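Enquirer: need coordinates for the following:
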Amino acid sequence: MRTVKNAQVRKEEILDAALRLFYEKGYAKTTVEDIMRECSIAKGTLYYHFKSKEEILSAMIERQLDRREERLRGIAEDAELSAVEKLVRAVRLLGDCEPLAGLHESENAELHHKSFCRSLPRFAPAATEIVQQGIASGEFSTPYPRESVELLLCASQLSDPGAFTWTQTQRRRRELAFFLMLERTLGISPEAKARLYELAGISEETENG
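Expert: Got it, this is the predicted structure:
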């Protein structure tokens with residue numbers, strides 16, 4: 001007897017299979033037929049959920065954004081952490097995510113741009129909440145919490161490993177510069193700054209050098 005799977009379960013299976021193939025073969029070389037074989041499904045089943053390979057990639061982006069937004073919200077709501085501790089965890093969460101295979105290929109430039117534009121309204125509310133918590137606790141001081149967060153989210157795109165091929169040294173220097181931006185843009189207090197740099201693994205010598 002043929003098993004009929006829940007629609008969401010089937011969609012997740014298709015996305016997982018496509019993601020494996022995108023990394024193994026490359027997005028451009030993966031065909032819809034490859035994805036069908038990987039999932040052992042008929043063409044009609046795949047097209048019931050997704051109309052094209054591009055739509056599959058777009059759904060992957062939304063899924064990744066959903067997961068990161070949920071984790072960011074969890075950080076913002078963690079009552080055991082100080083605002084500066086939440087800030088460091090948020091920075092690492094948004095900076096360490098592996099780029100989706102195929103997203104940075106030239107033919108997907110528009111989709112990459114849309115992904116970035118969608119990430120701002122997704123991540124800004126929880127990140128702004130963290131900054132507002134820091135203002136209330138005296139750790140931060142800025143009259144523009146939401147605007148500061150949006151500008152910092154834009155600057156964080158420089159760490160995207162799929163878009164920029166920085167060397168390890170270049171990447172580290174941009175990380176240091178970003179934490180300096182955090183300190184100054186958010187008006188981080190001296191006590192919170194010391195904790196920020198401790199958590200980020202930045203020594204005073206590194207900061208000044």
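Enquirer: now do the SS call for the spatially most central residue of the chain.
Expert: In the chain, the C-alpha closest to the average C-alpha coordinate belongs to residue 94, at a distance of 4.2 Å (Cα atoms, centre = their mean). Secondary structure state of residue 94, per DSSP: H, G, I helix; E, B strand; the rest coil, is helix.
Enquirer: can you pull the phi/psi pair for the residue lying closest to it once chain neighbours are set aside?
Expert: Once flanking residues are discounted, residue 94 sits nearest to residue 156: 5.8 Å by Cβ to Cβ, 6 or more residues apart in numbering. Any C-beta I mention is one placed from the backbone N, CA and C, and that applies to glycine too. With angles defined as degrees, to the nearest 10, residue 156 sits at phi -70, psi -20.
Enquirer: what's the burial count for residue 156?
Expert: As a burial measure, residue 156 scores 18 neighbours (other Cβ atoms under 10 Å).
Enquirer: and it, how far from residue 91?
Expert: Counting by Cβ to Cβ, to the nearest Å, the gap from residue 156 to residue 91 is 7 Å.
Enquirer: between these two, what contacts are shared?
Expert: The contact sets of residue 156 and residue 91 overlap at residue 178 (Cβ atoms under 8 Å, 6 or more residues apart in numbering).
Enquirer: OK, contacts around residue 75?
Expert: Taking Cβ under 8 Å, 6+ apart as the test, what residue 75 contacts is 81, 86, 89, 90, 93, 126, 130.
Enquirer: neighbours around residue 189, how many?
Expert: 18.
Enquirer: so how far is residue 78 from it?
Expert: Between residue 189 and residue 78 the distance, using Cβ to Cβ, works out to 20 Å.
Enquirer: what is the least confident helix or strand in this structure?
Expert: Least confident helix or strand of the chain, by mean pLDDT, DSSP states H and E, is helix 204-208 with a mean of 51.
Enquirer: can you list the weak-confidence ranges in the chain?
Expert: 1-5, 96-114, 159-164, 204-209 (pLDDT under 70).
Enquirer: which stretches of the chain form helices?
Expert: Taking DSSP state H as the criterion, the chain carries its helices at 7-25, 32-39, 43-49, 53-76, 83-95, 109-137, 145-155, 168-185, 190-200, 204-208.
Enquirer: so which of the ones you listed is the most packed in?
Expert: Comparing the helices of the chain by mean neighbour count (mean count of other Cβ atoms under 10 Å), helix 83-95 comes out on top with a mean of 21.
Enquirer: and for it, what's in contact with it?
Expert: Residues contacting helix 83-95 (Cβ under 8 Å, 6+ apart): 68, 71-72, 75-76, 78, 81, 123, 126-127, 130-131, 133-134, 137, 139-140, 153, 156, 159, 175, 178-179, 182, 186, 188, 192, 195-196, 199-200.
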